[in-house]
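Asker: Show me how the following folds:
(one chain, ligands or ions: 2)
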Amino acid sequence: MSAIFHAGISGARGRMGRAVSAALDAREDVVVAARFDRGETPDLSLCDVVIDFSTPDASVELARACAARGGPALVIGSTGLTPEQEAEILEASGSVPIVRSGNFSLGVNILIGLVEHAAQRLDPADWDIEVLEAHHRRKADAPSGTALMLGEAAASGRGEDLADVRSAPYDGLTGARQTGKIGFASLRAGGIVGEHTVLFASDDETLTLSHSAIDRALFAKGAVAAAAWVRSRKPSLYDMQDVLGFRQA
Ligand SMILES: NC(=O)C1=CN([C@@H]2O[C@H](COP(=O)(O)OP(=O)(O)OC[C@H]3O[C@@H](n4cnc5c(N)ncnc54)[C@H](OP(=O)(O)O)[C@@H]3O)[C@@H](O)[C@H]2O)C=CC1
Ligand SMILES: O=C(O)C1=N[C@H](C(=O)O)C[C@H](O)C1
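Answerer: Numbers count the residues shown, from 1 in each chain. Ligands and ions are numbered 1, 2, ... in the order given. So this is what the prediction gives:
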């Protein structure tokens, strides 16, 4: 068995916080040293690593606090961050190791590679790319963090930055679709855990690459694996591709 470590949970009473708590309880090598939510000040000195599924503002505040005291390490799952908030997390990762991902599932992290591979081979002059996602009615952000990661993978396969090729949502008298753009569509309904599809479409054929999350325990398990991995790393910003060994240094 690996050495015991002390974990904190940020957003502990939320859907993901409760799933993370259950995933940590299932491991013999973790002591849950702190649980906190909105309005509570965590004792970060008790933790080797904090797992955070909360809100963009809370994640940035936590990252700043960890960076200021040189620890603990962080696993951040919150989505919907602005580019400025992403830059704050990057800055904090100069002082503490941070894993940030919009999706901690193995399947989605494999899908990212498949999407990049397909986008590399399908000529943008002939093939349109659309990213579709569906989530539960309480989700606060759209498109989902995962959809944006998949869009980034598709853009990267084409040698582009997503910011340069992201299509505005289709609504009203839009005119014809612009060649080379990557579009996003979001559904919010019921208790859907997380559905993602990347659609590649030419005039003659379509290719769809999809992932379905069946239980959010899946994300919690991945985040706990990331926590075990990151606590002994040097300060830097990592993602699940690093944790899973999909990206070589
Ligand atoms: N990366 C991934 O794999 C996944 C990411 N997510 C993302 O994780 C985030 C949380 O999702 P979910 O659990 O469904 O949302 P919930 O709303 O159920 O939970 C969020 C929790 O964070 C709490 N919170 C708010 N402010 C703070 C704060 N300052 N410090 C600590 N906790 C705070 C909330 O408290 P209160 O209710 O009092 O505001 C709430 O308990 C979302 O951004 C979601 O998109 C979700 C699933 C998987
Ligand atoms: O809010 C959620 O529930 C989820 N959020 C993540 C995202 O924005 O992609 C991951 C997962 O799909 C569930």
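Asker: Could you pull up phi and psi at Asp25?
Answerer: Main-chain dihedrals, Asp25, degrees, to the nearest 10: phi -60, psi -30.
Asker: now it: how far from Ala63?
Answerer: Distance, Asp25 to Ala63, by Cβ to Cβ, to the nearest Å: 25 Å. All C-beta spots, glycine's among them, are computed from the backbone N, C-alpha and C.
Asker: same thing with His117?
Answerer: 32 Å.
Asker: The helix or strand containing His211 near ligand 1 anywhere?
Answerer: Secondary structure assignment for His211, by DSSP states H and E: strand 206-213. No - on the criterion Cβ under 6 Å from any ligand atom, strand 206-213 is out of touch with ligand 1, staying 8.1 Å away.
Asker: How far does that strand sit from its chain's centre?
Answerer: Distance of strand 206-213 from its chain centroid, counting by Cα atoms, centre = their mean, to the nearest Å, is 18 Å.
Asker: So the spatially most central residue of the chain: helix, strand or coil?
Answerer: Central residue of the chain (Cα atoms, centre = their mean): Gly102, 0.8 Å from the mean position. Following DSSP: H, G, I helix; E, B strand; the rest coil, Gly102 is assigned to coil.
Asker: contacting residues for it?
Answerer: Listed by Cβ atoms under 8 Å, 6 or more residues apart in numbering, the contact set of Gly102 reads Gly77, Thr79, Ser144, Gly145, Thr146, Leu148, Met149.
Asker: In PyMOL, how would I select just the buried ones from those residues?
Answerer: Entered in PyMOL, the line below selects the buried ones among the contacts of Gly102, by 16 or more other Cβ atoms under 10 Å:
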select buried, resi 77+79+144+145+146+148+149
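Asker: will you turn the contacts of Gly102 into CSV that also has secondary structure?
Answerer: Below are these laid out as CSV (three-state DSSP):
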residue, secondary structure
Gly77, coil
Thr79, coil
Ser144, coil
Gly145, helix
Thr146, helix
Leu148, helix
Met149, helix
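Asker: Tell me which two of the contacts of Gly102 sit farthest apart.
Answerer: Gly77 and Leu148 (13.8 Å; Cβ to Cβ).
Asker: who in this protein is up against ligand 1?
Answerer: 10-11, 13-17, 36-38, 53-55, 58, 77-80, 101-104, 141, 145, 216, 219.
Asker: Out of those, which sit inside helices?
Answerer: Arg15, Met16, Gly17, Ala58, Gly145, Phe219 (DSSP state H).
Asker: Name the residues that touch the longest helix seen in the chain?
Answerer: If you go by DSSP H, the chain has its longest helix at helix 106-121. Contacting residues not belonging to helix 106-121 are listed as 101, 103, 129, 146, 149-150, 153-158, 196, 198, 200, 207, 209-211, 213, 222, 240-241, 244, 246 [Cβ under 8 Å, 6+ apart].
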